[in-house]
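S.K.: how does the following fold in three dimensions:
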Amino acid sequence: MPGLSEYFNAMRKAFWHDTVFSYPGGEFLSPSDPLVNQEVTVRIRMAPDPGIEHVFLRTAPEGEEILQRMKLEQNDPLLEYYSASTKFICERSGYRFMIVKRGGELLHYNALGLHRVTPLDIFDFKVQTGRDSIGWTENSVFYQIFPDRFYSAPFKGAVREGEPLSNGMHARVSPWGELPNRSGGSCSQEFFNGNLPGIAVKLGYIDDLGCNAVYLNPVFTAPSNHRYDTTDYFSIDPHIGSNRVFSRLVRDMHHRGMRIILDGVFNHTGVCCPWFDKLGRHPEPGAYQDTNSRYSGFYTFHSRPDHYECWLGVKSLPKLDFRSRELRDQLYLREDSVMQTWLRAPFHVDGWRFDVANMLARQGEFQEFIQVWREISQCLKSANPEAYLMGEHFFDGTDLLRENCLDGLMNYQGFYFPLIRWLGERCDFRSDQGSMNPEVRFTGEQVMRQMSDFLAAIPWRKALRMYNLLGCHDRPRIMSVLSGNILRLKSAMIMLFSYVGVPAVYYGDEIGMTGKGDPDCRRCMDWDESRWDADLNSLYRKLIRLRRSSAVLAGGGIKWLSASEDAISFARISDSEAMVAVAFRSPQRVKLSLRQIGINRGKAVSQLTGEVRKISGGQMEAGPQPDLYLIKT
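M.R.: As a prediction, this is how the structure comes out:
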């Protein structure tokens, strides 16, 4: 029957397409962190196909296309490997593959997969040359702490009820565990007196949980509880500690093998910062007080005194103007600058998380953000080559990664938002009419597509540094987003700890804390273990241990296996094993085709239950619960 024959030919063709695989790491790029002009071996694999005539490695180091014929290196019944040797002559290089098949068929394979037409170079596999100095992030699991709400230890500098603050307002002190006040601007003057000594007391808890890195929300002197309105970049807020207390905390963390990064707010300051000095409380006049102030170039005034650039129209947060060379000197160019000071002795901080990284050095016609970010990176890497530089970016920040400005970003668009739109069904938007929270439902296919697009647009080394999250101080708690649906929460956790990048836990998520938008998502940590979700806490601990001990989850390539309305699966792949992640919106069973990753038979071991699943004929059944399966290859 011709129709049946055509059907089977189409099926074989579709199966072959699914087996084509490569990525810039492991056995597919060796060495995976090459130096400029160092010889490297590039590989690609696929199922045997007698119709293949040629396989080429395609590069364009000086703008002109170079096609290098690849040789068949390894051949077995399931997979063929093709290889070629080359040298990358640039700091940032790209490559893809071209496959010529009998009958005039030409296929291109890049970081997005197979294409029948010539793809854009932007989606080529990307290699960043030079030795990797921050490999420590690959084996890290971060724990984010909002200092005022984590733990309150006895401390003489604690905020007092009614205490005058530097912005002219008065502090409100609330009992630990009371829900945060949601009434307008006063919520930022509500303090629960969490502090740095409290974090020091609980380092053992964080260590026992399994997290080995901490991202700390702002700690510099400021009049609010969130401290994104910085007054003094060189001093720890006396309400939560001191420079000496902080130095001791970092030393204790390093002694435990833990890392710490600080939240740097450099797009804007508070109005009480001496550089601005709106209230005129500093000996030397600031930009607001005097047009001749040496800080006048740090800000942009359209008309004085009150029409000045600020963050999203918030007048208490005047925007810094990076056209000022003196501002750049103060912030990062000099060895005694703000950013370099905290990376050097006696503090030895391990990196920065940059607030609103998408907005820094962007103001009207002035759009030198790439140049400024490159300067920042070069200066900070000279101070501490192992510093992890990560930025907040709610949108498309791939240019900051391709241009080697930052090591990673908070992975909102490449991880958080597509996942939440699939599991949570709602997503907030900010429009010219204000914030909206419409019902938005992604399918599994849309999750796969958006994650794949953002992953393919950046160098693989940067992909491994992306900060993946399920919650933070700016987002509703994941337990609330998912309305307490444990299966969906389990799916989200499996994605968090198995997807490409660095997983992060927002304090309290590991015990099942709830909370809607800011400030409700900033509730006090509940230290009464009788109120903890013990099963959830146990699952967090298991997944954190697995993520930190698994080489394939730390650096392995990724191959999407399937995606449907309510189920997605992918495999993380290394030379000797594969870890298969399966996530669901609802309980179900799915059959996974593993022949596309070169596995025809064997066993898959659940990393959550220990259950063994049989692999036969290249297929394995997964479900009904989300899970992670280890397969030795």
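
S.K.: going forward, measure contacts and count neighbours with C-alpha atoms only.
M.R.: Will do.

S.K.: give me the below-cutoff pLDDT ranges for the stretch 451-600 of the chain.
M.R.: Along the stretch 451-600 of the chain, no part satisfies pLDDT under 70.

S.K.: which residues in it form helices?
M.R.: 460-463, 478-481, 486-498, 534-549, 551-555 (DSSP state H, counting those that start in this stretch).

S.K.: got JSON lines for the ones you listed, with mean neighbour count and distance to residue 111 too?
M.R.: What follows is the helices of the stretch 451-600 of the chain, written out as JSON lines (neighbours: other C-alpha atoms under 10 Å; distance: least, C-alpha to C-alpha, whole Å):
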{"stretch": "helix 460-463", "mean neighbour count": "23", "distance to residue 111": "10"}
{"stretch": "helix 478-481", "mean neighbour count": "22", "distance to residue 111": "30"}
{"stretch": "helix 486-498", "mean neighbour count": "23", "distance to residue 111": "19"}
{"stretch": "helix 534-549", "mean neighbour count": "17", "distance to residue 111": "24"}
{"stretch": "helix 551-555", "mean neighbour count": "22", "distance to residue 111": "16"}
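
S.K.: now distance to residue 301 too, for these, in a markdown table please.
M.R.: Listed next are the helices of the stretch 451-600 of the chain as a markdown table, based on distance: least, C-alpha to C-alpha, whole Å:
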| stretch | distance to residue 301 |
| --- | --- |
| helix 460-463 | 37 |
| helix 478-481 | 41 |
| helix 486-498 | 44 |
| helix 534-549 | 49 |
| helix 551-555 | 48 |
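
S.K.: residue 74: neighbour count?
M.R.: 11 (other C-alpha atoms under 10 Å).

S.K.: quick check: bridge partners of it?
M.R.: For residue 74, the beta-bridge partners under DSSP bridges are residue 81.

S.K.: got it, and residue 213?
M.R.: residue 142, residue 259.

S.K.: related to what we said a few turns ago, quick one: closest of the helices of the stretch 451-600 of the chain to residue 100.
M.R.: Among the helices of the stretch 451-600 of the chain, the nearest to residue 100 by C-alpha to C-alpha is helix 460-463 (26.2 Å).

S.K.: surely residue 320 is in contact with residue 267?
M.R.: Yes - using C-alpha atoms under 8 Å, residue 320 is in contact with residue 267, at 5.6 Å.

S.K.: more neighbours: the two, which one.
M.R.: More crowded of residue 320 and residue 267, by other C-alpha under 10 Å: residue 320, with 25 against 22.

S.K.: ok, now which ones touch that one?
M.R.: 266, 267, 268, 269, 298, 299, 300 (C-alpha atoms under 8 Å, 6 or more residues apart in numbering).

S.K.: buried residues in stretch 355-369, which are they?
M.R.: Of all the residues in stretch 355-369, those buried under the rule 16 or more other C-alpha atoms under 10 Å are 355, 356, 357, 358, 359, 360, 361, 362, 363, 369.

S.K.: in helices, which of those appear?
M.R.: residue 369 (DSSP state H).

S.K.: could I get the buried residues of stretch 355-369 as TSV with distance to residue 280 and pLDDT?
M.R.: Shown next, in TSV, are the buried residues of stretch 355-369 (distance: C-alpha to C-alpha, whole Å; pLDDT from 0 to 100):
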residue	distance to residue 280	pLDDT
355	27	98
356	28	98
357	29	98
358	31	97
359	28	97
360	26	98
361	27	97
362	28	97
363	26	95
369	31	97
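
S.K.: still on that earlier bit, the contacts of residue 320: which two are farthest apart?
M.R.: 266 and 300 (14.9 Å).

S.K.: ok, which of the helices of the stretch 451-600 of the chain comes nearest residue 165?
M.R.: Checked against C-alpha to C-alpha, the stretch from those lying closest is helix 478-481, at 33.1 Å.

S.K.: roughly how far out does the closest one sit from the chain middle?
M.R.: 19 Å (C-alpha atoms, centre = their mean, to the nearest Å).

S.K.: out of the contacts of residue 320, who's the most crowded?
M.R.: Busiest of the contacts of residue 320 [other C-alpha under 10 Å] is residue 269, holding 27 neighbours.

S.K.: wait, doesn't that one sit right on residue 227?
M.R.: No - at 9.9 Å, residue 269 and residue 227 do not qualify as touching, with contact defined as C-alpha under 8 Å.

S.K.: for residue 146, which residues are in contact?
M.R.: By C-alpha under 8 Å, 6+ apart, the neighbours of residue 146 are 216, 217, 218, 226, 473, 507, 522.

S.K.: what pLDDT does the model give the fourth one?
M.R.: We note a pLDDT of 97 for residue 226 in this prediction.

S.K.: tell me the phi and psi of it?
M.R.: phi -90, psi -20 (degrees, to the nearest 10).

S.K.: okay, and the helix or strand of the chain with the least pLDDT?
M.R.: strand 429-431 (a mean of 58; mean pLDDT, DSSP states H and E).

S.K.: run through the bridge partners of residue 95.
M.R.: Residues in beta-bridge contact with residue 95 (DSSP bridges): residue 59, residue 125.

S.K.: what residues sit buried inside stretch 595-613?
M.R.: By neighbour count on 16+ other C-alpha under 10 Å, the buried set for stretch 595-613 is 595-607, 613.

S.K.: and the two most separated of the buried residues of stretch 355-369?
M.R.: 355 and 363 (16.1 Å).

S.K.: can you list contacts of stretch 263-271?
M.R.: 167, 215-219, 222, 228-231, 276-279, 310-311, 316-320, 331, 352-357, 359-361.

S.K.: how long is that stretch end to end?
M.R.: 19 Å (C-alpha to C-alpha, to the nearest Å).

S.K.: now swap in stretch 286-304 and tell me
M.R.: 13 Å.

S.K.: what do you get for stretch 408-423?
M.R.: Start-to-end, stretch 408-423 (C-alpha to C-alpha) is 25 Å.

S.K.: pLDDT on that stretch, on average?
M.R.: 97.

S.K.: can you list the buried residues in that stretch?
M.R.: Applying 16+ other C-alpha under 10 Å to stretch 408-423 flags 408-423 as buried.

S.K.: quick one: which of those sit in helices?
M.R.: Short answer: these in helices (DSSP H) are 417, 418, 419, 420, 421, 422, 423.

S.K.: tell me the two of those that are most distant?
M.R.: Top of the distance list for these (C-alpha to C-alpha): 417 and 423, 9.9 Å.

S.K.: quick one on the thing from earlier: tell me which of the buried residues of stretch 355-369 is nearest to residue 94?
M.R.: Of these, the one sitting nearest to residue 94 (C-alpha to C-alpha) turns out to be residue 369, at 23.4 Å.

S.K.: which residues does that closest one contact?
M.R.: Counted by C-alpha under 8 Å, 6+ apart, residue 369 has contacts 360, 361, 362.

S.K.: run a quick neighbour tally on residue 51.
M.R.: 11.

S.K.: phi, psi of it?
M.R.: phi -80, psi -10.

S.K.: so where do the strands sit in the stretch 101-250 of the chain?
M.R.: Assignment of strands within the stretch 101-250 of the chain using DSSP state E, counting those that start in this stretch yields the ranges 105-110, 113-115, 125-128, 142-145, 172-173, 190-191, 213-216, 220-221, 232-236.

S.K.: all set, thanks.
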